[in-house]
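[1] Here is a sequence together with a model predicted from it:
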Amino acid sequence: MPIGLVWLGWTLVLAVVQLFLTAAACRQQDGLQWASSNRDGDPPRYTGMAARLKRAQANLAETLPIFIGAVLLAWVSGHYSPLTGWGAGLYFLARAAYIPAYAFGWGPIRSLIWGMSMAGLLLVLISLL
């Protein structure tokens, strides 16, 4: 299996881990009563780490479909190259570093890490050319 597909698989695992981390942080603020309710009305306003983890999760949701599509398209179309693998690896590693950077409020570093993930995504997209 090409390494880019392996990185894609690990990125999906990372997305699930991020989902659970976010849910755990939110449950600390809103409790199980909200989580097990019908959730009618306005949702709780999260603060601190829970709010930052929710924003990090939303940020991943913005680019993950593009990443998945690009890696799969490179493989299916025969445009897969080492550049695809390098880009996928960079995307995964940066996304993994982005979670604690956002959760702990490492502002400027977080933005640099986000830029690295975008560079990885661009490498995968370039490999399609």
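    Structure received. It should be emphasised that the depicted structure is a prediction, and the values quoted were computed from it without experimental measurement.
[2] lowest average confidence, helix or strand, in the chain?
    helix 3-35 (a mean of 93; mean pLDDT, DSSP states H and E).
[3] Check which helices and strands the helix or strand just after it sits against.
    As assigned by DSSP states H and E, the chain's next helix or strand after helix 3-35 is helix 48-77. Taking 3 or more Cβ pairs under 8 Å, 6 or more residues apart in numbering; DSSP states H and E as contact, the helices and strands that helix 48-77 lies on are helix 3-35, helix 82-103, helix 107-126. Every C-beta, even on glycine, is put in place using the N, C-alpha and C of the backbone.
[4] between the second one and helix 48-77, how big is the angle?
    Here helix 82-103 runs at an angle of 170 degrees relative to helix 48-77 (axes from the mean of the first three to the mean of the last three Cα atoms, to 10 degrees).
[5] Centroid-nearest residue for the chain?
    Residue closest to the mean C-alpha point of the chain, counted by Cα atoms, centre = their mean, is Leu60 at 3.4 Å.
[6] wait, isn't that residue in contact with Phe92?
    No: using Cβ atoms under 8 Å, Leu60 is not in contact with Phe92; the gap is 11.2 Å.
[7] Against Thr11, how distant is Ala88?
    8 Å (Cβ to Cβ, to the nearest Å).
[8] out of those two, which sits in the more crowded spot?
    Ala88 (29 against 21; other Cβ atoms under 10 Å).
[9] List the residues that contact that one.
    Ile3, Gly4, Trp7, Leu8, Thr11, Phe67, Val71, Gly120, Val124 (Cβ atoms under 8 Å, 6 or more residues apart in numbering).
[10] Grab the two from those residues that are most spread out in space.
    Farthest-apart pair in these is Ile3 and Phe67; separation 14.5 Å (Cβ to Cβ).
[11] higher neighbour count, those two?
    Phe67 (24 against 14).
[12] Single out the most deeply packed of the helices and strands packed on helix 48-77.
    helix 82-103 (a mean of 21; mean count of other Cβ atoms under 10 Å).
[13] and it with helix 3-35, angle?
    Angle, helix 82-103 to helix 3-35, by the same axes, to 10 degrees: 30 degrees.
[14] chain center to helix 82-103: distance?
    Computed by Cα atoms, centre = their mean, to the nearest Å, the chain-centroid distance of helix 82-103 equals 8 Å.
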